[in-house]
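S.K.: The sequence isn't on hand, but the structure is:
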């Protein structure tokens, strides 16, 4: 591993913001630290950068213990949510500034700035000031200022939070492309699961200062390890209930009966089940049995169009379910009765502690 956190903790008074985090990041990986506000992900990033010192544990970069080193001696760079560009300096001057602080020769500054201008498509903007740039252009300059020092790793703290949705999606593609081309680790902090899923090789889900799971993005999304991840990543329908005598069916409080993918629950024990919105299949009422395990008779309350997909809000007794279906499938209208169904393998099941059960 190129970057290693070994039992890292950070205490503020009586509060442990980071609690015994151990993880390793490879040289060419894009890793996202994903979690809700206040989970500790930014504190973790700042510890790697050297802006915070851990109360316990070590930080190693390329095999060297850098725990006691200041930020400028770690060989990493950081990009913040606010672009922090100097308004009175041109693009070129903003990019050259950190190199001048290092007192590099003028020829080397010229070469490095031209390199960053080239890889970030900033050609023709060198003489402009920040207020003459679009949000996306400003973001590229902020990235360039981080990359111009040719760091061992680039740390990004919610850098796209202030951009509109369309521009943010464009920048996600750009950032991922630059990371792949540069071959250095990018560590990206976000509370936005779409950003983490679109860019990352692996995702570390952070909750209450601990790593809930650290795995490939497909693993995090398709096979959540805990109930928290199942609820936080993706959009899911949540069911609470009690396991039957065989431990492979769930009698839910709302009246639905769920056949689980495999036995794993203690009979009679409380459990949680999650079914992602896109796993709910919809058929016209009267198609097959109207009730039974993993079949729920509903009524369409509303339909929300999302481009190639439609989100259906379904009434089931006193609660709502949500389904997301391609618009290429049969469409349904508000007020229409439908049958929602799903396979046992589509269900993520957790015991009363929120741990994976089946």
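M.R.: Sure, I can see it. If you're wondering where the values come from, they're calculated on a predicted model, not measured in any experiment.
S.K.: Okay, and the residue lying closest to residue 167 once chain neighbours are set aside sits in which element?
M.R.: Sequence neighbours aside, residue 136 is the residue nearest to residue 167 in space, at 5.0 Å (criterion: CB to CB, 6 or more residues apart in numbering). Every residue, glycine included, has its C-beta placed from N, CA and C. Under the criterion of DSSP states H and E, residue 136 resides in helix 135-147.
S.K.: Now do the buried residues in that helix.
M.R.: Neighbour counts over helix 135-147 (16 or more other CB atoms under 10 Å) mark 136, 137, 138, 139, 140, 141, 142, 143, 144, 145, 146, 147 as buried.
S.K.: any idea how far residue 174 is from the second one?
M.R.: Residue 137 sits 11 Å away from residue 174, going by CB to CB, to the nearest Å.
S.K.: likewise residue 149?
M.R.: Going from residue 149 to residue 174 by CB to CB gives 20 Å.
S.K.: okay, the two: which has more neighbours?
M.R.: A side-by-side neighbour count of residue 149 and residue 174, using other CB atoms under 10 Å, places residue 149 first with 19 against 15.
S.K.: What's the separation between residue 303 and residue 325?
M.R.: To residue 325, residue 303 is 10 Å away according to CB to CB.
S.K.: wait, residue 215
M.R.: On the measure of CB to CB, residue 215 and residue 325 end up 28 Å apart.
S.K.: if we look at the helix holding residue 136, which residues are touching it?
M.R.: 77-80, 83-85, 91, 94-95, 97-98, 116-117, 119-122, 125, 130, 133, 154, 156, 159-160, 162-164, 167, 170-171, 174-175, 178, 182 (CB atoms under 8 Å, 6 or more residues apart in numbering).
S.K.: how distant is that helix from the center of its chain?
M.R.: Distance of helix 135-147 from the chain centroid (CA atoms, centre = their mean, to the nearest Å) equals 21 Å.
S.K.: If you count contacts, what does the following helix or strand past that helix end up packed against?
M.R.: Next in sequence after helix 135-147, counting helices and strands by DSSP H and E, comes strand 153-157. Contact here means 3 or more CB pairs under 8 Å, 6 or more residues apart in numbering; DSSP states H and E; on that basis strand 153-157 packs against helix 41-49, strand 76-79, helix 135-147, strand 186-190.
S.K.: let's go with 6 Å and repeat that
M.R.: Where contact means 3 or more CB pairs under 6 Å, 6 or more residues apart in numbering; DSSP states H and E, strand 153-157 is packed against helix 41-49, strand 76-79, strand 186-190.
S.K.: what comes into contact with that strand?
M.R.: Strand 153-157 is contacted by residues 42, 45, 49, 76-81, 146, 184-189 when judged by CB atoms under 6 Å, 6 or more residues apart in numbering.
S.K.: Kindly calculate the angle that it makes with helix 41-49.
M.R.: 150 degrees (axes from the mean of the first three to the mean of the last three CA atoms, to 10 degrees).
S.K.: Number the residues from 3 up from this point.
M.R.: I'll keep to 3 as the first residue from here, and by that count the last item is strand 155-159.
S.K.: Tell me what angle strand 155-159 forms with strand 188-192.
M.R.: Angle of strand 155-159 versus strand 188-192, following the same axes, to 10 degrees, is 10 degrees.
S.K.: next SSE after strand 155-159?
M.R.: helix 167-184.
S.K.: Distance-wise, check the residue lying closest to residue 86 once chain neighbours are set aside relative to residue 102.
M.R.: Nearest non-adjacent residue to residue 86, counting by CB to CB, 6+ apart: residue 144, 6.9 Å away. As judged by CB to CB, residue 144 and residue 102 stand 17 Å apart.
S.K.: can you check residue 119 too?
M.R.: Counting by CB to CB, the separation of residue 119 from residue 102 is 16 Å.
S.K.: In terms of neighbours, single out the busier of these two.
M.R.: Per other CB under 10 Å, whichever of residue 119 and residue 102 has more neighbours is residue 119, with 21 against 11.
S.K.: So that one, which state does it fall into?
M.R.: helix (DSSP: H, G, I helix; E, B strand; the rest coil).
S.K.: Can you give me the buried ones in stretch 340-352?
M.R.: Under the neighbour-count criterion of 16+ other CB under 10 Å, stretch 340-352 has 340, 341, 342, 343, 344, 346, 348, 349, 350, 351, 352 buried.
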